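K.L.:
below is the sequence, then the predicted model.
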Amino acid sequence: MNESLKFAPIEQRVAKNPNSYIEINGSPTNPDAWPVQIRNGVISVDFGAGCLGCAWCITKRQPGRAEMQDIPYKNNLLASDLSGLLSETRAYTEAKLPLRIGNNTDGTLIPVDQLKEFYGFLPHDYPVALLTRGVHSAELTEFLKTTGDNFVLCRSVTPPHPSLDYKVNLDKALKSFNEANCQKILNIGPLASSTVEDARQLLQSGKIPQGTRVIIAPLNRRRIDDQVLANVYAEPISKEEMGELEAVAVEAGMVVHRANNCGIADFNRMPSMEYGDINGTVLYDREFDSKTAGTSNNRGLESICGNCSNFDVCAGAYDSRQISDDTMQQLIATLDINEAVIRHQGPGLVVIDAPGITKAETSYLSGVLGVRVSGINSLAQPDSKAAQRWIRTGFYPVEKMLSVFESFDPLRFQQA
């Protein structure tokens, strides 16, 4: 462990970071530290804390995450623990949102016996993805061979840059991907302006098999504290450069996706809720916040999604679907939210105004209704009022999180 870090008492953490903690039944807790997170249409689960320590990681947007990623990984929950938490999570039992394993850490760090046991707990048709960046062990490679059609490996590889301290050699990373005998997606990134040519050569090298689903992922500095990225001097690639690389990938026989969710949906021949997000971007005429799978910005869905093999599935599912006010109100009422107004509907997207609603709840609505539901000024994490609402409605096992969040709390590591 980094010798400049130490465990900080909960009282000290709350005093230093009051906006990160909420109080539940007299006890403070940090929702950013809960091992089951619901947002952006997925459920992220983590078995433990700690990571590879990449300097640029976007999870460092969360307070304290920069310190946590500098510590060795430690597994804190068993597969049975996570399965039990999910069994009391309505986004899992009712909305059936896809699971992502390793969102705040790396899937290669999780003990394979726990991965295997957890996967065995899931229904055979429940969508689940494993995110990896580190080296695949022989045990992990063997486990991947046993996975079914509901499973997708989301593997990241990064062309080297002096300030992007990616921990795995590019060729070794590709070897792990190519040896994985399962459904899989290759994320190429984060890409900096100076590594565009390296990415182009990789796409044209023949090292990536034809038919591979790929995502061109830019370096994303948005909302990450400047101090955290003080040693990252790489500049993100432009949207035009992204579009050029995506065109190269298509020409090389690959399938380009906007995000992991799109690839997961494509494997299962299901519509992706990212379609609604893209439609919202076009509607509001604003720049994309994250990864795109098109050649330009704000030209409409066909420009952005046109290269995706799943485009017709999404368009057929969403273009004529409408959600009535009565349907929305009935579902909202089960969340103990009494005030919600539909402000806009478009292909695959419903925008609602529901004061105090959280992104976890809009994600739940998205899964149940089958369209992306976006809340105006929705909360990234629950405040105390929302958490009490979750307890009353059985939406999420808040009280159980009080006993498990401590070992996941990134703010317990403070500079000495």
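P.N.:
Alright, I've got the coordinates. Numbering: from 1, shown residues only.
K.L.:
quick one: pLDDT of Thr292?
P.N.:
With respect to pLDDT, Thr292 scores 37.
K.L.:
try the one 4 residues further on
P.N.:
pLDDT recorded at Ser296 is 34.
K.L.:
ditto for the one 10 residues further on
P.N.:
Per-residue confidence for Gly306 comes out at a pLDDT of 65.
K.L.:
do the same with Asp289
P.N.:
pLDDT at Asp289 comes out at 36.
K.L.:
same thing with Arg200?
P.N.:
For Arg200, the pLDDT comes out at 96.
K.L.:
what's around it, how many residues?
P.N.:
Close neighbours of Arg200, defined as other Cβ atoms under 10 Å, add up to 16. (C-beta placed from N, C-alpha, C; glycine too.)
K.L.:
you'd agree it is up against Leu245?
P.N.:
Yes - using Cβ atoms under 8 Å, Arg200 is in contact with Leu245, at 6.3 Å.
K.L.:
A helix includes Glu197, no?
P.N.:
Yes - according to DSSP: H, G, I helix; E, B strand; the rest coil, Glu197 belongs to a helix.
K.L.:
if I look at it, how far off is Tyr318?
P.N.:
37 Å (Cβ to Cβ, to the nearest Å).
K.L.:
of those two, who's got more company?
P.N.:
Using other Cβ under 10 Å as the criterion, Glu197 and Tyr318 rank with Tyr318 on top: 22 against 11.
K.L.:
ok, and the closest non-adjacent residue to Asp325?
P.N.:
Spatial nearest neighbour of Asp325, chain neighbours left out: Ile342 (6.0 Å); criterion: Cβ to Cβ, 6 or more residues apart in numbering.
K.L.:
element containing that neighbour?
P.N.:
If you go by DSSP states H and E, Ile342 is part of strand 341-346.
K.L.:
next: Asn187.
P.N.:
Short version, using DSSP H and E: Asn187 is in strand 184-191.
K.L.:
let me see the mean pLDDT of that strand.
P.N.:
Strand 184-191 comes out at a mean pLDDT of 92.
K.L.:
hey, what's the residue nearest to Asp325 bridged with?
P.N.:
Ile352 (DSSP bridges).
K.L.:
need the contact list for it.
P.N.:
By Cβ atoms under 8 Å, 6 or more residues apart in numbering, Ile342 lies in contact with Ile323, Asp325, Met328, Val350, Val351, Ile352.
K.L.:
could these be laid out in JSON lines, adding distance to Pro35?
P.N.:
As requested, these are exported to JSON lines (distance: Cβ to Cβ, whole Å):
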{"residue": "Ile323", "distance to Pro35": "32"}
{"residue": "Asp325", "distance to Pro35": "36"}
{"residue": "Met328", "distance to Pro35": "30"}
{"residue": "Val350", "distance to Pro35": "29"}
{"residue": "Val351", "distance to Pro35": "30"}
{"residue": "Ile352", "distance to Pro35": "28"}
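K.L.:
quick one: buried ones out of these?
P.N.:
For those, a neighbour count by 16 or more other Cβ atoms under 10 Å gives the buried set as Ile323, Met328, Val350, Val351, Ile352.
K.L.:
remind me which residues of the stretch 301-416 of the chain are low pLDDT?
P.N.:
301-304, 306-307, 414-416 (pLDDT under 70).
K.L.:
show me where it has helices.
P.N.:
Secondary structure of the stretch 301-416 of the chain (DSSP state H, counting those that start in this stretch): helices located at 301-305, 311-318, 325-333, 359-369, 384-393, 398-404.
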